[in-house]
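Trainee: need a structure here:
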Amino acid sequence: MTNTKLWTLLLITAIIFTLTSCFNNTVTYSDKGIMTSFYIPDQNNAIEVSNIEFIITQPATEEDTGLITNPYEVFPYGSLKDPLVPVFVAEGQAGIYWQHMEKVEVDSVMIDSLITTSITSGKTAIDFSDTVLLKVLSQDGNHLTFYHVVINANKTYPGSMTWAQLSDSIPTGLTAYSESFYLNDKLFVLSGNIDPETDEVLTTLYSSDNGITWQNVSIRGDFPNGIYHTVKVYNGKAYIIGYIGWDSSSHTFTANEEIWSTPDGLNWAKTKYPAGMHSVFKNADVFNNELVVWGGSSLNTAATTVEDMPYTTSGEVPEPDYTAWYFDGSEWSQGANIPSDMAVRFSTSCEYEDHGQVYGGELADGSNSGLFWSFQDKNVWINFPKTDMETLSDATLITLDRNLWLFGGINSDGVTNHTIQVSKDGGLTFLSGYDLEEENLFPGLDYVARAGQQVVLTPDHTVYVIGGENSTLTPNSDSTEYTLKVKVLYDFWEGEMKKYSN
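Mentor: This next block holds a predicted model:
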């Protein structure tokens, strides 16, 4: 017998001696004390998860360890956030114990200590975030069986989504300056563009009940015609917070510091910016039950093309704006400025857990930011650095099922090389569904990497992905240089969550 086995037997003997004190050793009935059934009932807000049966593999010998586990697909990705309460049955009148680590105080110092706790089926909450070791002790105390309990959740979230292409060319006049929003049980797409033939601004608003049939919404003559609208839905209304106008007669762009709102997408009301608010290209989102508007910039008034207008001749952001504003539904108030090293415009954001997350955008020098910023509370913005992800622009961020979803993006070479990435830790690490062959987000579907897409999340957790651009580098004949090819996309996709947790 090896020393390892000897120590193992001595350890088991010591544990048995400790645990048998709980039993009456005069009992003559004997069994091996093995687990016969184990399942997790519907709990922990895990929607569509009910009575998950576990497979029990019995140990080959008393020195071996059994395995209690479940198939991957039955628990949604990221759903095992809190302790679960299992229901189990052991042979005979065996006792079941949970071995785990806890912090205990020794000489005023908190240290990790191995704890053995008696557990009760259907009553004791167990933390299954790590592998759990259970011990089953027979009634007579002569047999001790060990089991490792491993709860598997989906390794990747793509398995919890079903995707379908509803259209390959939606008739909404999509442009690079489109904004989409969901309001009054309808999906809206607002597009603005300057017609190169007539030199006039063309602004359209389309709506749809299902993403397949679209209607051109009739807009009034004083509707904010232009490009670069900032749109956000808050408290049952859609808000346009500034946009860029164009005067075809003078060939000049104008910064229209106006706020437009609508409860239904049909009837719009106009107000001016509150006193002190200025600039356009605003960032906006809803954090902590307030509409938060931050950053922005002026524009290059001497520019005559859309490409030149957002930048100075040296490629920087003209007059960056670092102010932040808060709207509670009735009044606007100004808060502390955003940090000077935070992107001032074109960022993407969403409310995540109990705070806001902001990613990317343009810095004051015109370069792209690859950082996450966390909006913890009013006036508090915290740098949330990313170390393992390249800088992406024109991406879209949403929160779905307690995870961050980052759609699309263009890297520093101008290439769209990601489709959708999922993070369950607020943006510290991402899993790219595009790089997974067996668990691709769009198995067998003609979905391509893109950027500048519109992504809308509805109250019933349906996700719409609309259009965008696909950019690739193609090697020239001599293979020393590359040509950037850009394809405009007009397709429309619908994703539905089949397993999720709130």
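Trainee: verify the stated contact: residue 455 with residue 400.
Mentor: No. Using CB atoms under 8 Å, residue 455 makes no contact with residue 400, being 10.0 Å away. Quick note: C-beta positions are derived from backbone N, CA and C, even for glycine.
Trainee: the more surrounded of these two?
Mentor: residue 455 (23 against 18; other CB atoms under 10 Å).
Trainee: what helix or strand does that one sit in?
Mentor: Using DSSP states H and E, residue 455 sits within strand 454-457.
Trainee: quick one: contacts of that strand?
Mentor: With contact meaning CB atoms under 8 Å, 6 or more residues apart in numbering, strand 454-457 is reached by 178-182, 187, 189, 396, 398-400, 407, 463-468.
Trainee: any common contacting residues for residue 455 and residue 400?
Mentor: In contact with both residue 455 and residue 400: residue 463, using CB under 8 Å, 6+ apart.
Trainee: tell me the spacing between residue 136 and residue 90.
Mentor: Residue 136 sits at a distance of 5 Å from residue 90 (criterion: CB to CB, to the nearest Å).
Trainee: joint contacts of these two?
Mentor: Counting by CB under 8 Å, 6+ apart, the residues touching both residue 136 and residue 90 are 33-35, 96.
Trainee: show me what whatever helix or strand residue 463 lives in is packed against.
Mentor: Following DSSP H and E, one finds residue 463 within strand 462-475. Contact here means 3 or more CB pairs under 8 Å, 6 or more residues apart in numbering; DSSP states H and E; on that basis strand 462-475 packs against strand 178-183, strand 454-457, strand 482-497.
Trainee: residue ranges of the helices in the protein, please?
Mentor: 3-19 (DSSP state H).
Trainee: show me the shaky parts of it.
Mentor: Residues of the chain meeting the criterion pLDDT under 70: 1-30, 43-49, 72-73, 76-82, 154-160, 385-388, 431-444, 479, 498-502.
Trainee: do that again at 50, thanks
Mentor: Along the chain, the model assigns pLDDT under 50 to residues 1-28, 156-158, 434-439, 500-502.
Trainee: how about the residue nearest the centre of it, nearest residue that isn't a chain neighbour?
Mentor: Centroid-nearest residue in the chain: residue 404, 1.3 Å away (criterion: CA atoms, centre = their mean). What sits nearest to residue 404 in space, not counting adjacent residues and going by CB to CB, 6 or more residues apart in numbering, is residue 423, at 4.3 Å.
Trainee: likewise for residue 481?
Mentor: Residue 481's closest residue in space is residue 475 (CB to CB, 6+ apart), at 7.6 Å.
Trainee: my guess is the one you found meets residue 485, correct?
Mentor: No. Using CB under 8 Å, residue 475 is not in contact with residue 485; the gap is 11.2 Å.
Trainee: and residue 399, what does it touch?
Mentor: 350-352, 357, 405, 457.
Trainee: with neighbour count and distance to residue 311 added, can I get those residues in a markdown table?
Mentor: Formatted as a markdown table, the contacts of residue 399 follow (neighbours: other CB atoms under 10 Å; distance: CB to CB, whole Å):
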| residue | neighbour count | distance to residue 311 |
| --- | --- | --- |
| 350 | 21 | 27 |
| 351 | 17 | 30 |
| 352 | 22 | 31 |
| 357 | 24 | 27 |
| 405 | 23 | 30 |
| 457 | 16 | 31 |
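Trainee: and the furthest pair within those?
Mentor: Largest separation among these by CB to CB: 357 and 457, giving 14.1 Å.
Trainee: so what's the closest residue to residue 462 other than its chain neighbours up against?
Mentor: The shortest distance from residue 462 to any non-neighbouring residue, by CB to CB, 6+ apart, is to residue 496 (5.7 Å). For residue 496, the contact set (CB under 8 Å, 6+ apart) comprises 161-162, 461-463.
Trainee: can you say which of those residues are buried?
Mentor: With burial judged by 16 or more other CB atoms under 10 Å, the buried subset of the contacts of residue 496 is 161, 461, 463.
Trainee: still on that earlier bit, distance check, the residue nearest to residue 404 against residue 403.
Mentor: Remark: distance between residue 423 and residue 403 (CB to CB) = 6 Å.
Trainee: residue 214 now?
Mentor: Distance from residue 214 to residue 403, by CB to CB: 30 Å.
Trainee: give me the more crowded residue out of those two.
Mentor: Counted by other CB under 10 Å, residue 214 and residue 403 do not tie: residue 403 has more neighbours, with 21 against 18.
Trainee: circling back: for the contacts of residue 496, give me CSV that also has distance to residue 197.
Mentor: Formatted as CSV, those follow (distance: CB to CB, whole Å):
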residue, distance to residue 197
161, 41
162, 42
461, 42
462, 38
463, 36
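Trainee: closest one to residue 252 out of the residues you listed, please.
Mentor: Distances from residue 252 to the contacts of residue 496, taken by CB to CB, are shortest for residue 463, at 39.3 Å.
Trainee: my read: that closest one touches residue 396, true?
Mentor: No. Using CB under 8 Å, residue 463 makes no contact with residue 396, being 10.4 Å away.
Trainee: wait, what's in contact with residue 51?
Mentor: Counting by CB under 8 Å, 6+ apart, residue 51 touches 39-42.
Trainee: an error on my part: the question was meant for residue 413.
Mentor: By CB under 8 Å, 6+ apart, the contact list for residue 413 reads residue 473.
Trainee: returning to what we had before: pull the contacting residues for the residue nearest to the centre of the chain.
Mentor: The contact partners of residue 404, by CB under 8 Å, 6+ apart, come to 350, 352, 357, 397-398, 422-424, 426-427.
Trainee: how many neighbours does the closest residue to residue 280 other than its chain neighbours have?
Mentor: Once flanking residues are discounted, residue 280 sits nearest to residue 242: 4.2 Å by CB to CB, 6+ apart. Residues contacting residue 242 under the criterion other CB under 10 Å number 25.
Trainee: if we can go back for a sec, to residue 370, which of the helices and strands packed on strand 462-475 lies closest?
Mentor: strand 454-457 (19.4 Å).
Trainee: partners of the closest one, with directions?
Mentor: With DSSP bridges as the test, strand 454-457 is paired with strand 462-475 (antiparallel).
Trainee: the partner strand to strand 482-497, inter-axis angle?
Mentor: Comparing the axes of strand 462-475 and strand 482-497 via axes from the mean of the first three to the mean of the last three CA atoms, to 10 degrees yields an angle of 160 degrees.
Trainee: I appreciate the help and will end here.
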